[in-house]
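Undergrad: Sequence plus predicted model, see below.
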Amino acid sequence: MSVAGRRWRFLLFRWVLILLLLAMAGGLGYALLSLPDQAIGLSEQVGTNMETSGVQNPVTAVLLNFRGYDTLLEMAVLLVALLGVWSLGAAEVHRKVDPEPVLSLLVGGLAPVMILMAGYLLWVGANAPGGAFQAGSVLAAAGILLLLSSKRYPVRLMGWPLRVVLLLGLGAFTVVGMILLFVSGGFLQYPSGLAGALILFIEAAATLSIGVTLAALFLGGRPQSGPYR
Amino acid sequence: MSTVLLYALTGTGLFTLGLYALIVHAHLLRKILAINVMGSGVFLVLVALGGRTSGAVPDPVPHAMVITGIVVAVSATALALALLLRVQAATGRAELTEESRE
Amino acid sequence: MRQIPWEVMLILLPLAGAMACFLLPRRTLLLGLITALGVVVCVAGLGWLMLEQGAQRYAVGGWGAPLGIDLYADGLSLLMLMMTALVGLGVSVYSIGYFERRQAALFWPLWLLLWSALNALFLSADIFNLYVTLELLGLAAVALVALAGSANALTAAMRYLLVNMLASLCYLLGVALLYHNFGSVDIAILAQRVEPSPAVWAAMGLMSAGLLLKSALFPLHFWLPPAHSSAPAPVSALLSALVVKASFYILLRLWLEIFPPAGAALGQLFGVLGAAAVLWGGIQALRQTRLKLLIAYSTVAQLGYLFLAFPLGSTLAWKGSLYLLLSHALAKAAMFMAAGNILHFCGHDRITDLDRVAQRLPVTMTAFALAGVSIVGLPPSGGFIGKWMLLEAALRDGQWWWVVTLILGGLLAAAYIFKVIGYAFTQAGMLRQTSKVPMTMEWAALALALAALLLGLVALWPLSLMEIGLPFGGESGG
């Protein structure tokens, strides 16, 4: 096919695609406009069950109590992503270049503050917006900053301690769920007095896990030690 | 048009734009970014429509769903980016090429 | 029996096994095998319970729908769980001999997490929970494909990952529309509340598009042949046998429960696409020069058969389609394992250079041939029973054009199967070095192929199991 013919076919394909997508967007918009103005969502049910949930923040209650099973699977998703990245090959060894003074200064000052902030976000998640994922992300950011300036602040976590920390979140969730299976007769069924404490425990383990997992994902490959050599 | 509807329509608009970019661009990084835009669109629709409650507090269930969705999207994006680097290293180009003979 | 919550164990046991394998990589083979056997026991336990007490519903956290998440097991889910357990056990035994130590340290945690995702998916009664399990499944599958490490495998894994992410987002947007329209994500509650509206049509279109993409229905099948052919052999077996069936299962559930106001048009569309898949996949399979690509295109063709039940819609058609799904899982897993043995033995998988593999690997070739019998649909095999039921359903309904598809598909399958078997008896031009194939690998393939054949002899029992909980509507029998 000549160059002109190819170009014409290319433009045709583009315009057909645009038309189809505009039609799809129109259909979606029409579907949205047809939704009722007042929702018949689950906010009422969440409201009536908040007292027994153990926390005051409704989103945390949904995430860790009512629909905690989803969160458990989500921790597994994080783990699978890390395993996937590890199965691709070894992490590149960062060249030990002298970091810029600005970076060193910032990391030295910021990293402890970020770790404290992560702890605060974890604690406040019971009453206000916050919780394990938010705290874990801040912790991971601190970890990545430390990794970026690894000459000044070497980060050494490898071998089986690393694997233990990575599994802490999913493991805590699973173990608590199993124990509750025998104690209160239902999987992840928190007894009414202990719900808040158990949720905090799970969230703490999850924060550590999420932070370390996200930082390890940043490295982009498996550690060059132990059974993976 | 209410604010809720405006946000929700923006969400579907992002979804459509992301889909267009995903199909049209060949470079893998653009595709990954397009998928992230689509994801943001879906989350926007979820959260925006949850604000249609009669009281002041929005429906918390879509918020929890979006938190789960964000974590899942981040995990998948991390894997995609790592794969992108390996594909680039193995084939020399950051694009999806046809399978080579052997 | 009720004391042990088998559903929860089915999800938690492989999860715990994966964590143990990850924590103790030196003992991963032993831990993996123990977990596999444990899961088989749990499936048996659940089946026993359901035979006594019927379908089971378990409210996680004690809350119950719509506030919490429910696990629901009826005949359909039990069948899928049993299929997963059987193929999973076979693949586990096969993988013991397949991977070297460093790859095995990563394969087993990933495989057990994939198994956990499958079990969680088949037991879930909540469409948002299904989204999370779908994502877990997809990411684990992509990671397993990338384990092969070759440039082709990495490219295929990248394409597969992008397809997975796109499909999941389409599905999630559908979930958003359904939740905001009816106020719940529980399937049973949605089934009661759903009524035709633009949001439902949009959700149906979106979710179908996403799930069809994941099930590789023509023309959305483009990602499957590279991914399934360049993955390591046990991973190819898992992908073709189990992973593509999971999204089909979700589509079936939504179709049966939430989308009845769908009308005949969409069903006919699925049927037409399925027929196109059967023919296109069969023709492409004939054209292949490499064994694993041939088997991958055969998967595309066989998946097309499953969608022929949608335009027919009768219980007989659904059961036939599911019987085909079940036999295909066993037969295709056996085929990929056989192909893995051949690849290991010869060092390549070019069909024309198979060099008397039939004489030198008799167990493997027998497994391939027996699996082929089920794929073609010859008696006695599970494939024959499934096709027979679909044929009967099509004739009863008067839609005879599907009969033509079934017959043509069978002829194409016979052509490419016999092509491989023919070359397996011929001598190649050059003699090559061969490597020994471990016995576990050969016999695992044969065991699954025999199981596919066995399905053709004991059809009544699995078919009656499907009835538990009446997943196909009020009528039983047919």
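TA: Arrived safely, thanks for sending.
Undergrad: and C:Arg57, that one's in a strand?
TA: Yes - assessed with DSSP: H, G, I helix; E, B strand; the rest coil, C:Arg57 lies in a strand.
Undergrad: Which residue is the nearest non-sequential neighbour of it?
TA: C:Tyr72 (5.1 Å; CB to CB, 6 or more residues apart in numbering or on different chains). C-beta: built from backbone N, CA, C; applies to glycine.
Undergrad: Could I get the contacting residues of the residue lying closest to C:Met165 once chain neighbours are set aside?
TA: Excluding the flanking residues, the one nearest C:Met165 by CB to CB, 6+ apart is B:Ile35, at 4.9 Å. B:Ile35 is in contact with B:Gly18, B:Leu22, B:Thr77, B:Ala80, C:Leu162, C:Met165, C:Leu166, C:Leu169, counting by CB atoms under 8 Å, 6 or more residues apart in numbering or on different chains.
Undergrad: ditto for C:Gly205
TA: A:Gly27, C:Gly174.
Undergrad: Next, count neighbours for the residue nearest to C:Arg57.
TA: 23 (other CB atoms under 10 Å in any protein chain shown).
Undergrad: What helix or strand is it located in?
TA: strand C:69-73 (DSSP states H and E).
Undergrad: and the next element down the chain from that strand?
TA: In N-to-C order, the element after strand C:69-73 by DSSP H and E is helix C:75-98.
Undergrad: Using the three-state scheme, assign the residue nearest to the spatial centre of chain B.
TA: Closest to where the C-alpha atoms of chain B average out (CA atoms, centre = their mean) is B:Gly39, at 2.3 Å. What three-state DSSP gives for B:Gly39 is helix.
Undergrad: Skip the chain neighbours and tell me the closest residue to it.
TA: Distances taken as CB to CB, 6+ apart put B:Ala73 closest to B:Gly39, at 4.6 Å, once the chain neighbours are dropped.
Undergrad: repeat for C:Ala209
TA: C:Cys170 (5.2 Å).
Undergrad: sec struct for that neighbour, please.
TA: Applying three-state DSSP: C:Cys170 is helix.
Undergrad: tally of neighbours for A:Gln38?
TA: 9.
Undergrad: Am I right that it is in contact with B:Ser54?
TA: Yes - counting by CB atoms under 8 Å, A:Gln38 does reach B:Ser54; the two are 6.0 Å apart.
Undergrad: returning to what we had before: model confidence over the strand holding C:Tyr72, on average?
TA: Averaging pLDDT along strand C:69-73 yields 93.
Undergrad: got the contact list for that strand?
TA: For strand C:69-73, contacts defined as CB under 8 Å, 6+ apart pick out A:67, A:69-70, C:7-8, C:46, C:50, C:55-61, C:64, C:81, C:123-126, C:129, C:186-188, C:469.
Undergrad: Buried only: go through those for me.
TA: A:67, A:69-70, C:7-8, C:46, C:50, C:55-56, C:58-61, C:81, C:123-126, C:129, C:186-188, C:469 (16 or more other CB atoms under 10 Å in any protein chain shown).
Undergrad: can you tell me how far the residue nearest to C:Arg57 sits from C:Asn129?
TA: Taking CB to CB, to the nearest Å as the measure, C:Tyr72 falls 11 Å from C:Asn129.
Undergrad: ok, now which ones touch C:Leu312?
TA: Here C:Leu312 is in contact with C:Gly271, C:Leu390, C:Ala393, C:Ala394, C:Asp397, C:Gln399, C:Trp402 (CB under 8 Å, 6+ apart).
Undergrad: one more time with 7 Å, if that's ok
TA: Counting by CB atoms under 7 Å, 6 or more residues apart in numbering or on different chains, C:Leu312 touches C:Ala393, C:Ala394, C:Asp397, C:Gln399.
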